[in-house]
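Engineer: dropping a prediction and its sequence here:
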Amino acid sequence: MSGHGTPIPMTSRPCGPLRGEAHVPGDKSISHRSLILGALSVGETRVTGLLEGEDVLDTAKAMRAFGATVTDHGGGEWSVQGVGVGGFAEPENVIDCGNSGTGVRLIMGAMATTPITATFTGDASLNGRPMGRVTDPLALFGTQTVGRQGGRLPMTLVGAADPVPVRYVVPVPSAQVKSAVLLAGLNAPGQTVVIEKEATRDHTERMLQGFGATLTVEDTDEGRVITLDGQPELTGQTIIVPRDPSSAAFPVCAAIITPGSDVLVPNIGLNPTRAGLFTTLIEMGADLTYENMREEGGEPVADLRAKFSPDLKGIAVPPARAASMIDEYPVLSVVAAFAQGVTDMQGVKELRVKESDRIDAMAKGLRAAGVTVDEGPDWWKVTGLGHGNVPGGVTVASVLDHRIAMAFMVMGMATQKPMTVDDGSPIATSFPIFEPLMAGLGAQVVRANA
Ligand code: S3P
């Protein structure tokens, strides 16, 4: 199965110590939002450090299709000439969001209250993912939707001509759903209120305020209540995209499991809605420290130093932490394989509807590599074998999921025998420099036919 052209099998061989600095790419969530909010603003938005992965490039193309001028100035410098709130033009063609759930769901929200029609599609992974979680609340604004069974793409949205503001309690912990509703609320009159019972990544709230929207957040017994005043004039901003903690997870975890390693991963945003993995690794006994702690653009930032950690132990990961590390469970399960004892991950139903069913994909690959995994609908447990004891030596499926592919490449750095994924091409969606970056640290990740 490949939606990214010819599959590229990739092999990771057990390697010596990983050493040096890992400069990971810009944050994916903030990159999407920079382009979308830039397109909804009046004037120019300048973006430095944009993630130039396929997911974000698809969002850039989509913003052009809706009428914004998006320019690549080279070296991660981009600009967006926006059309203003309510200013989206009707796209002439189908919008292809590739592999990106964030892209499609946020863009659906951004166009839902403008009287235009747009049709969305994606790759085999994205076209299998549930969109009802977004189109249900958008219907409350007056948006009409026709899609495939089960609320799947391809799907056509007819934006509401006379949108009404909405009060919506998000039924699943999802920043994408929350963000889609807030972006739709931009072009509705009055106040749109979104309530989330569990806090999810808050980049949309912070960035909307930065672009000039009036938005308040209150912690109440009902949950986090976010109130947005509709029909603001957003004005172009200068954005420096921080480096992605979800990408930092891969060199950090690789260093922790690979004997002799000492890797510095500079300038990582430690927004508490994103940093749950690092807390979890420290609780497992990892030698992971925050150096040069500082604040940048209102967000905590640090350089992460990760060293080989021979005495990892399995832990129960608190379910309340799930949202703050939801994309990091695949690579955490790899670290868990090298720990002593059981790592118990509960309250993670959302993992089943990501780019793949991530519990299923990791469980299959880990079991094939000799690791015991138990699972239920919203939980899984990995029984660690301890350092030096994980067999590996198999080819596993990456199921069109960048994080599954990268997790197994990290695993192969410390298994007894190499690990191969059937297709490493999805890595380009979020971490296009993964292979040279890992090679620079001393890893041996190679394309099978190279
Ligand atoms: C994202 C939200 C999360 C996350 C995804 C990025 C975002 O998805 O998994 O990689 O940028 O809003 P959900 O909202 O489905 O949890």
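Structural biologist: Received it, and whenever you're ready, just let me know what you need.

Engineer: grab the nearest non-local neighbour of residue 335.
Structural biologist: residue 253 (5.2 Å; CB to CB, 6 or more residues apart in numbering). Yep, even glycine has a C-beta here, placed from its N, CA and C like the rest.

Engineer: residues touching the residue lying closest to residue 269 once chain neighbours are set aside, list them.
Structural biologist: The shortest distance from residue 269 to any non-neighbouring residue, by CB to CB, 6+ apart, is to residue 242 (3.8 Å). Neighbouring residues of residue 242 by CB atoms under 8 Å, 6 or more residues apart in numbering: 26, 27, 30, 49, 267, 268, 269, 296, 297, 299, 301.

Engineer: kindly state the pLDDT recorded for residue 242?
Structural biologist: Looking at residue 242, its pLDDT is 92.

Engineer: next: residue 449.
Structural biologist: Turning to residue 449, the model gives it a pLDDT of 62.

Engineer: please apply the same query to residue 300.
Structural biologist: For residue 300, the predicted pLDDT is 89.

Engineer: that one and the ligand, how far apart?
Structural biologist: In this view, residue 300 and the ligand are 18 Å apart by CB to the nearest ligand atom, to the nearest Å.

Engineer: kindly state the beta-bridge partners for residue 396.
Structural biologist: residue 421 (DSSP bridges).

Engineer: shift numbering so it begins at 873
Structural biologist: That works, and once the first residue is 873, the last one we named lands at residue 1268.

Engineer: burial check on it, number of neighbours?
Structural biologist: Residues lying near residue 1268 (other CB atoms under 10 Å) number 24.

Engineer: now residue 1053
Structural biologist: Counted with other CB under 10 Å, residue 1053 comes out at 26.

Engineer: from memory it sits against residue 1042, does it?
Structural biologist: Yes. Between residue 1053 and residue 1042 there is a contact at 7.5 Å, judged by CB atoms under 8 Å.

Engineer: which neighbours do the two share?
Structural biologist: Common contacts of residue 1053 and residue 1042 (CB under 8 Å, 6+ apart): 1009, 1066.

Engineer: list the contacts for the spatially closest residue to residue 1281 that is not a sequence neighbour?
Structural biologist: Spatially, and ignoring its direct neighbours in sequence, residue 1281 is nearest to residue 884 (4.3 Å; CB to CB, 6+ apart). Neighbour list for residue 884: 1280-1285, 1290-1292, 1315-1318 [criterion: CB under 8 Å, 6+ apart].

Engineer: over to residue 1293?
Structural biologist: Contacts of residue 1293 (CB under 8 Å, 6+ apart): 881, 882, 1267, 1268, 1269, 1270, 1276, 1277, 1280, 1281.

Engineer: roughly how far does it sit from the ligand?
Structural biologist: 19 Å.

Engineer: same check, this time on residue 1275
Structural biologist: Going from residue 1275 to the ligand by CB to the nearest ligand atom gives 9 Å.
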